[in-house]
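Chemist: sequence first, then the predicted structure:
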Amino acid sequence: MLDLTVGDVVYIDGTLYTARDKAHHRMFVEGEDPPVDLEGAAVFHAGPVVRKTDGGYEIVAVGPTTSTRMAAYTRDVVEAGVRAIVGKGGLGEDAPEIMRGEAVYLTAPGGCAALLGERVVRVKDVHWLDLGIPEAVWELEVKRFGPLIVTIDAHGNVLDAQGGD
């Protein structure tokens, strides 16, 4: 992922973790160990809509949450080994420098929650359900998850939403 360039459109195959405000706070303020291995991981700022099944859970829809709410944790997330952060909106002014050489920020277009939900092959696990369904850490197996737009690349470049120089 570190060779991606701003403006590239990408899809993710493999494991994708969701994490929102409360999960970030638990890990990086309260100091609780992450419930999953974040080394090399992709983390999606999202709170999925889920349906309980006989065998566990299935994703109904999963759309991006505004990433600026988690911007204060960007350095912690990258230092924990995360290589891709997926969300919407900005990620803070210092994100390009924090992510340089380490990670990318991918924007999931708003309004695609149903489509993205279809790209979830299965729920592999769920952690910290005590935080509530949207705030829990969902471990998802995804196939062709996207489209996602590289908004901050690992070279410190930022996609200019205004289309200017």
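Modeler: Perfect, thanks for sending it. Residues are numbered from 1 along each chain as shown.
Chemist: contact partners for the residue nearest to the spatial centre of the chain?
Modeler: Nearest residue to the geometric centre of the chain (CA atoms, centre = their mean): residue 44, 1.7 Å. Contact analysis of residue 44 by CB atoms under 8 Å, 6 or more residues apart in numbering lists 16-19, 62, 64, 86-87, 108, 140. Every C-beta, even on glycine, is put in place using the N, C-alpha and C of the backbone.
Chemist: and the helices in the protein?
Modeler: Remark: helices assigned in the chain by DSSP state H are 21-28, 74-79, 95-99, 113-118.
Chemist: tell me which two in the contacts of residue 44 are the farthest apart.
Modeler: Greatest spacing in the contacts of residue 44, by CB to CB: 87 and 140 (15.0 Å).
Chemist: convert the lengthiest strand in the chain to CSV, retaining C-alpha atoms only.
Modeler: Criterion DSSP state E: the longest strand present in the chain is strand 137-152. Output in CSV follows, covering the C-alpha atoms of strand 137-152 (Å, rounded to 0.1, in the frame of the first residue of the first chain):
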residue,chain,number,x,y,z
VAL,A,137,-14.1,-3.6,16.9
TRP,A,138,-15.4,-5.8,14.0
GLU,A,139,-13.0,-8.1,12.3
LEU,A,140,-14.2,-8.5,8.7
GLU,A,141,-13.2,-10.6,5.8
VAL,A,142,-13.7,-8.5,2.7
LYS,A,143,-13.4,-9.0,-1.0
ARG,A,144,-13.0,-6.2,-3.5
PHE,A,145,-13.9,-3.7,-0.7
GLY,A,146,-14.3,-0.3,-2.3
PRO,A,147,-14.0,1.8,-4.3
LEU,A,148,-11.6,3.6,-2.1
ILE,A,149,-9.7,6.8,-3.1
VAL,A,150,-6.1,7.4,-1.9
THR,A,151,-6.5,10.7,-0.2
ILE,A,152,-3.2,10.8,1.7
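Chemist: what inclination does that strand have with respect to helix 21-28?
Modeler: Here the directions of strand 137-152 and helix 21-28 differ by 90 degrees (axes from the mean of the first three to the mean of the last three CA atoms, to 10 degrees).
Chemist: tell me where the model's unsure across this structure.
Modeler: Across the chain, residues meeting the criterion (pLDDT under 70) sit at 161-165.
Chemist: still on that earlier bit, and the helices of the chain as a markdown table, adding mean neighbour count and distance to residue 150?
Modeler: Shown next, in a markdown table, are the helices of the chain (neighbours: other CB atoms under 10 Å; distance: least, CB to CB, whole Å):
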| stretch | mean neighbour count | distance to residue 150 |
| --- | --- | --- |
| helix 21-28 | 20 | 22 |
| helix 74-79 | 18 | 16 |
| helix 95-99 | 20 | 11 |
| helix 113-118 | 18 | 17 |
